[in-house]
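In: Predicted coordinates and the sequence they were generated for:
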Amino acid sequence: MSGRPSESDAIRAGASARRRWWRRLLLPAAPDVLALLLAQGEVTADGVDAFAAWSRGGGKDAAKALHAERDRAYLARRELLEALQVALSTPVDQEDLYTLSERVDRVLGEARNALREAEVLGWKPDAHAGAMGAQLAEGTRAIVDGFRLLRKDPEAAGRQADAASNAVHHVERDYRQAMAQLLKVDDLRAVLAAQDLYRRYLRVAEAIVAVADRLWYAVLRGA
């Protein structure tokens, strides 16, 4: 019995090759969804950097930068979602990509909400806000580093998720110190405004931890 392919096998192989050729010709190139997630993360980190600068007394320029980055982040998220709609397959589960995108979007949303509330209340950031803002920026940058490593070194991406959580856990310590200082303030309106804004910083920290948790989940599911 000959090991050479039969005529029918050759016909089927030729038809299969033609189908692959037409598929490559007609279908768009597969979108790089991890690159799009990273792009959204980098815009988010730039926005949180602006929030940290505002928290250190950066004033209107930092506030303007934060608003601009929030708008850019919205567009970056839309681009990722559109890519997920057409992607036939993804290197990370689509649900994980969607959830990571949604959660990192919430980080910047919470930061802008804090800024908006401060503007309404006429509250000016103090040293406690500056310290918390710096930790939030560090945690967000760690998340972005995790996104960058997710494709080539998932375990390292998980370590960056841990680094993000560790960074923002210091926010709770700074929050307690800030609240303790408010006991020495006699102006009730100032105390209430500061309490609300300090809690806003905690919400940003919680949003970063939520991203870190999902990043680890994506790492474990892909293992």
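Out: The structure has been received and is ready for your questions.

In: For the protein, which segments count as helices?
Out: 7-26, 33-53, 59-86, 94-121, 127-149, 154-182, 188-222 (DSSP state H).

In: Comparing these, which yields the minimum mean pLDDT?
Out: Ranked by mean pLDDT, the helices of the chain bottom out at helix 7-26, which scores a mean of 55.

In: The residue nearest the centre of the chain and L136, how far apart?
Out: The residue lying closest to the centre of the chain (Cα atoms, centre = their mean) is V104, at 2.9 Å. Distance, V104 to L136, by Cβ to Cβ, to the nearest Å: 13 Å. Just so you know, the C-beta spots here come from the backbone N, C-alpha and C atoms, and that holds for glycine as well.

In: How about V204?
Out: V204 is 5 Å from L136, by Cβ to Cβ.

In: now do T44
Out: 11 Å.

In: now Y198
Out: Y198 is 13 Å from L136, by Cβ to Cβ.

In: Of those two, which one has the most company?
Out: Remark: of Y198 and L136, L136 carries more neighbours, 29 against 22, as counted by other Cβ atoms under 10 Å.

In: That one contacts V171, doesn't it?
Out: Yes. Shown here, L136 and V171 form a contact pair, counting by Cβ atoms under 8 Å, at 6.5 Å.

In: Now do the shared contacts for the two.
Out: Listed contacts common to L136 and V171 are Y201, V204, A205; contacts here mean Cβ atoms under 8 Å, 6 or more residues apart in numbering.

In: Out of those, which is nearest to E69?
Out: Of all those, V204 has the smallest distance to E69: 13.9 Å, by Cβ to Cβ.

In: Can you report how many residues neighbour the closest residue to R103 other than its chain neighbours?
Out: Counting by Cβ to Cβ, 6 or more residues apart in numbering, R103 lies nearest to V211, which is 4.4 Å off, once chain neighbours are set aside. As a burial measure, V211 scores 30 neighbours (other Cβ under 10 Å).

In: so how many other residues sit close to G41?
Out: So G41, with other Cβ under 10 Å, has 26 neighbours.

In: Next up, the contacts around it.
Out: V104, I143, V144, F147.

In: swap in A131?
Out: D174.

In: Roughly how far does E82 sit from A52?
Out: Noted for E82: a distance of 30 Å to A52, by Cβ to Cβ.

In: P125 now?
Out: 10 Å.

In: Any chance you could list residues touching both of the two?
Out: By Cβ under 8 Å, 6+ apart, P125 and A52 have these common neighbours: G133.

In: And for the closest residue to L80 other than its chain neighbours, the neighbour number?
Out: Spatial nearest neighbour of L80, excluding adjacent residues (Cβ to Cβ, 6+ apart): L36 at 4.2 Å. Close neighbours of L36, defined as other Cβ under 10 Å, add up to 20.

In: Identify the contacts common to V204 and L136.
Out: With Cβ under 8 Å, 6+ apart as the test, V204 and L136 both reach V48, F51, A111, V168, V171.

In: In this structure P154 contacts V219, no?
Out: Yes. With contact defined as Cβ under 8 Å, P154 counts as touching V219 (4.6 Å).

In: Please say which of those two ends up with more neighbours.
Out: Set P154 next to V219 and count neighbours by other Cβ under 10 Å: V219 wins out with 23 against 20.

In: I'd guessed the more buried one sits against G158; true?
Out: Yes. Here V219 reaches G158: they are 4.4 Å apart, a contact under Cβ under 8 Å.
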